[in-house]
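> here is my input; please provide its structure:
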Amino acid sequence: MTNKTGEKDMSYMTSTTFYNKFLFWLIRLQPFINETGRPPISADDFVRFYRILYGCGLRISEGLELEIRDFNLDKHTVNIRNSKINEYSLTTILPYDIPMLEKMSETHSKSEKLFPIDRNIAWLYAKQAGRLAGFKISQTYEKREIKGIWTSIFRVSCSKRMFELDANTELVNRKLRKKSPKSINRLSKDKLNILLAWENEKFFKFMESN
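Residues are numbered from 1 along each chain as shown. Predicted structure coming up:
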């Protein structure tokens with residue numbers, strides 16, 4: 001579906017759309033200058049931010065809280081502080097995002113915010129990158145208890161891509177840390193290990209084919 005400006009309404013990004021279109025334009029954006037006269041973070045950091053959201057299935061608010069100490073790069077996991085389901089805060093990091101995070105760990109202290117921006121800035125950069133790529137990022141919402149605008153497209157895209165790669169519902173729910181009353185063990189440690197093994201197989205194959 002296209003809107004009045006000829007842009008395609010986009011509520012899901014395939015790997016090709018995300019890596020070859022969205023990130024391509026994201027890193028080429030003219031920066032939105034803040035009151036200091038400098039971009040809020042570098043173009044590379046915006047790319048890293050959205051790669052983490054897309055690869056880990058995080059909410060924007062969760063991504064903005066990330067610090068180096070939250071990542072266990074040896075185990076390919078990230079701990080989400082202030083998660084909506086606190087007892088199930090761990091999720092996985094895609095294998096090909098590990099080198100990127102290793103480099104970030106060399107330049108940031110353990111308790112330093114990796115992405116010191118607010119929700120509105122994150123949204124502006126995503127919206128403009130989509131516009132330049134020829135699509136309008138949809139699934140935006142306004143909530144009274146949340147300041148600014150947010151989008152779930154990166155989290156939704158993470159889950160849909162997993163389904164396209166033949167993941168079952170339990171694996172997708174474990175990745176996104178969704179708790180179901182019908183399956184009390186759905187987010188168990190065993191499921192996390194199964195998810196890690198599945199991603200290691202699927203996404204190393206993805207790396208080899210791209």
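> pLDDT-wise, which helix or strand of the chain ranks last?
Least confident helix or strand of the chain, by mean pLDDT, DSSP states H and E, is strand 140-142 with a mean of 61.
> so which helix or strand takes in the most centrally placed residue in the chain?
The centroid of the chain falls nearest to Leu53 when counting by CA atoms, centre = their mean (0.8 Å). Using DSSP states H and E, Leu53 sits in helix 43-56.
> what's the angle between the helix ranked longest in the chain and helix 43-56?
The longest helix of the chain (DSSP state H) is helix 189-209. With axes from the mean of the first three to the mean of the last three CA atoms, to 10 degrees defining the directions, helix 189-209 sits at 130 degrees from helix 43-56.
> residues making contact with helix 189-209?
For helix 189-209, the external contacting residues (CB atoms under 8 Å, 6 or more residues apart in numbering) are 15, 75-77, 90, 92, 94-96, 165, 167, 170-171, 174-175, 185. Every C-beta, even on glycine, is put in place using the N, C-alpha and C of the backbone.
> buried only: go through those for me.
His76, Thr77, Leu90, Thr92, Leu94, Pro95, Leu165, Ala167, Glu170, Leu171, Arg174, Lys175 (16 or more other CB atoms under 10 Å).
> possible to save the residues you listed as a markdown table with distance to Leu196, pLDDT and secondary structure?
As requested, the buried ones among the contacts of helix 189-209 are arranged in a markdown table below (distance: CB to CB, whole Å; pLDDT from 0 to 100; DSSP: H, G, I helix; E, B strand; the rest coil):
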| residue | distance to Leu196 | pLDDT | secondary structure |
| --- | --- | --- | --- |
| His76 | 6 | 95 | coil |
| Thr77 | 8 | 96 | strand |
| Leu90 | 10 | 90 | strand |
| Thr92 | 6 | 96 | strand |
| Leu94 | 10 | 95 | coil |
| Pro95 | 9 | 93 | helix |
| Leu165 | 15 | 93 | coil |
| Ala167 | 13 | 95 | coil |
| Glu170 | 14 | 89 | helix |
| Leu171 | 10 | 92 | helix |
| Arg174 | 10 | 90 | helix |
| Lys175 | 10 | 93 | helix |
